[in-house]
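Novice: Return a 3D structure for these sequence lines:
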Amino acid sequence: MAANKRAKKNSSSARKRNSPRKGAKSAARKPILSKLRSLLVLGVVALISSYYFGSFALRVQIERAAIQTINAVRSPEWLPRPITSLLNLAYDTIPGSQGLVVEGGELGHDETPLIAGLPGSNSPVRVLRNKSYINLFNEKARQTTCIAFKLSGRDRQDAPIPDDFFEDPRIKQLRARDLRLGYWQPQTIAPAQALAAEFGTVGANEACLVTNLAPMSATFSSGLWQRLMYEITVTYPRRFGETWIYLGPVMRTQSSKLDSGVPIPDGFFAIVFDQTEAGGLRAIAFLVPQDATDTKLRNYITSIAQIENHTGLKFLPEVDYHAQEVLGLAVSPQLW
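Specialist: Numbering: from 1, shown residues only. Prediction:
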């Protein structure tokens, strides 16, 4: 027994003598880490030098690579919002991230929720002017064609949102129950949270007017549409300040109808306009079907012209014709 213990002890001592010490391992790592840090610093310096002192083509390539990298990193839905905000901040500093910008002139400097005039429409509409938004309402279809409002990006107000919807005395032929059938439920088009945060109690109450409602499926309203509304009514105003937002339903010629005769939208559009510090005008547009299954918002980016074709609306009537055509046909390559 004693001999066995001595043998084990000697064996253990031999292993300790033969194994490298922790201090030696740490000392061996230091030069490697130091070299890696130096290489990283040199790489950053080289990249910055190439950007500022290289050719225009090289600068564009670097900007595109940076945009693609940030978009790839910030795309997961589970990414915490503080990290997404930091990535957005870095993204907005890249000149190439602004996308297509046209001359905006003196547009959008008053308090109207419209930018560049009232949209034209192929169908007769009644203009319902509220304090927080303007509604182009189709009385024959008993549904809005477009709702426009402006968000400032300033401090948000804390106003309670009513539990019920209100009838609009200007449109007496529409009630909230007319928009309900099975899993189709009346939901606000212009989000109540956004209008309440910007305009307080007035905005919260106006958001609950029946003329701001449309039948939506619960899956759509609480899923993809809700995420898109957060992006364009919360994230974008925080990043860019004043933004002009246009929302509305999209119908086919033979869209289904509820028992009340109100048509069920096949999807909804959203357009966000933003003016750059230099006075340029840019836009990003979305077209989202109610039966959409793809959860990536960027896959629903479209052109303003495509939305005009689907709705019969004509946006930006006060913008120069050439700029209107260029901006209308453009498709943003990525989310802002």
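
Novice: Low-confidence ranges, the chain, go.
Specialist: 1-68, 70-79, 81, 85, 87-100, 102-111, 253, 334-335 (pLDDT under 70).

Novice: Please, where are all the strands along it?
Specialist: Taking DSSP state E, the strands of the chain run over residues 102-103, 120-121, 126-129, 134-138, 143-151, 184-188, 213-217, 243-250, 267-275, 280-289, 301-302, 313-314.

Novice: And those strands: which comes nearest A330?
Specialist: strand 280-289 (7.7 Å; CB to CB). All C-beta atoms are positioned from the backbone trio N, CA, C, and that covers glycine.

Novice: Can you give me the buried ones in the closest one?
Specialist: G280, L281, R282, A283, I284, A285, F286, L287, V288 (16 or more other CB atoms under 10 Å).

Novice: Give me the helices and strands touching it, please.
Specialist: strand 102-103, helix 224-230, strand 267-275, strand 301-302, helix 304-311, helix 321-329 (3 or more CB pairs under 8 Å, 6 or more residues apart in numbering; DSSP states H and E).

Novice: among these, which is nearest E198?
Specialist: Among those, helix 224-230 sits nearest to E198 (CB to CB), with 13.2 Å.

Novice: Burial check on the closest residue to P186 other than its chain neighbours, number of neighbours?
Specialist: Spatial nearest neighbour of P186, excluding adjacent residues (CB to CB, 6 or more residues apart in numbering): L179 at 3.8 Å. The local packing of L179 (other CB atoms under 10 Å) involves 23 other residues.

Novice: Distance-wise, check L179 relative to F286.
Specialist: Taking CB to CB, to the nearest Å as the measure, L179 falls 22 Å from F286.

Novice: OK, contacts around the residue nearest to P186?
Specialist: Residues in contact with L179 (CB atoms under 8 Å, 6 or more residues apart in numbering) are Q185, P186, V210, L213, A214, P215, L258, S260, V262.

Novice: so which of the buried residues of strand 280-289 comes closest to N138?
Specialist: Scanning the buried residues of strand 280-289 for proximity to N138, where the rule is CB to CB, the winner is L287, at 18.9 Å.

Novice: ok, now how distant is the residue nearest to that closest one when sequence neighbours are not counted from P237?
Specialist: In this structure, L287 finds its nearest non-sequential neighbour in T302, 4.4 Å apart by CB to CB, 6+ apart. T302 sits 22 Å away from P237, taking CB to CB as the criterion.

Novice: Look at those two and report which has more neighbours.
Specialist: P237 (23 against 18).

Novice: Do I have it right that that one meets K150?
Specialist: No - using CB atoms under 8 Å, P237 is not in contact with K150, being 9.5 Å away.

Novice: Overlap of the contact sets of the two?
Specialist: T243.

Novice: D259: how many residues sit nearby?
Specialist: Neighbours around D259, by other CB under 10 Å: 9.

Novice: Using PDB, write down the CA coordinates of stretch 312-320.
Specialist: Listed next in PDB are the C-alpha coordinates belonging to stretch 312-320 (Å, rounded to 0.1, in the frame of the first residue of the first chain):
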ATOM      1  CA  GLY A 312     -54.700  54.700 -58.500                       C
ATOM      2  CA  LEU A 313     -53.000  57.400 -56.300                       C
ATOM      3  CA  LYS A 314     -50.400  59.900 -57.500                       C
ATOM      4  CA  PHE A 315     -47.900  61.200 -54.900                       C
ATOM      5  CA  LEU A 316     -45.800  64.300 -54.800                       C
ATOM      6  CA  PRO A 317     -47.800  66.500 -57.300                       C
ATOM      7  CA  GLU A 318     -45.800  69.600 -56.300                       C
ATOM      8  CA  VAL A 319     -42.400  68.000 -57.000                       C
ATOM      9  CA  ASP A 320     -40.600  68.700 -60.300                       C
END
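
Novice: Show me what counts as buried in it.
Specialist: L313, K314, F315, L316, V319.

Novice: For this protein, just list every one of the helices.
Specialist: 2-18, 22-53, 56-74, 81-92, 192-207, 218-221, 224-230, 236-240, 304-311, 321-329 (DSSP state H).

Novice: follow-up on the earlier one: of all the helices and strands packed on strand 280-289, which one is nearest R252?
Specialist: helix 304-311 (8.7 Å).

Novice: List the buried residues of stretch 235-250.
Specialist: 235-237, 239-240, 242-250.

Novice: Can you give me the distance of P249 to I189?
Specialist: Distance from P249 to I189, by CB to CB: 7 Å.

Novice: shared neighbours of these two, which are they?
Specialist: Residues touching both P249 and I189 by CB under 8 Å, 6+ apart: T144, A214, F268.

Novice: So the first one is in contact with M251, correct?
Specialist: Looking back up the chat, that one is T144. No - counting by CB under 8 Å, T144 sits too far from M251 to count as a contact (11.5 Å).

Novice: neighbour-wise, which of the two wins?
Specialist: T144 (24 against 20).

Novice: List the contacts of the more buried one.
Specialist: N135, L136, F137, N138, I189, T211, N212, A214, G248, P249.

Novice: That one bridge partners, please.
Specialist: F137 (DSSP bridges).

Novice: Break this structure down into its domains, please.
Specialist: Following automatic domain parsing, one finds the domains of the chain at 22-91, 102-329.

Novice: Which of these sits closest to W336?
Specialist: Once those are compared by CB to CB, domain 102-329 is nearest, at 5.8 Å.
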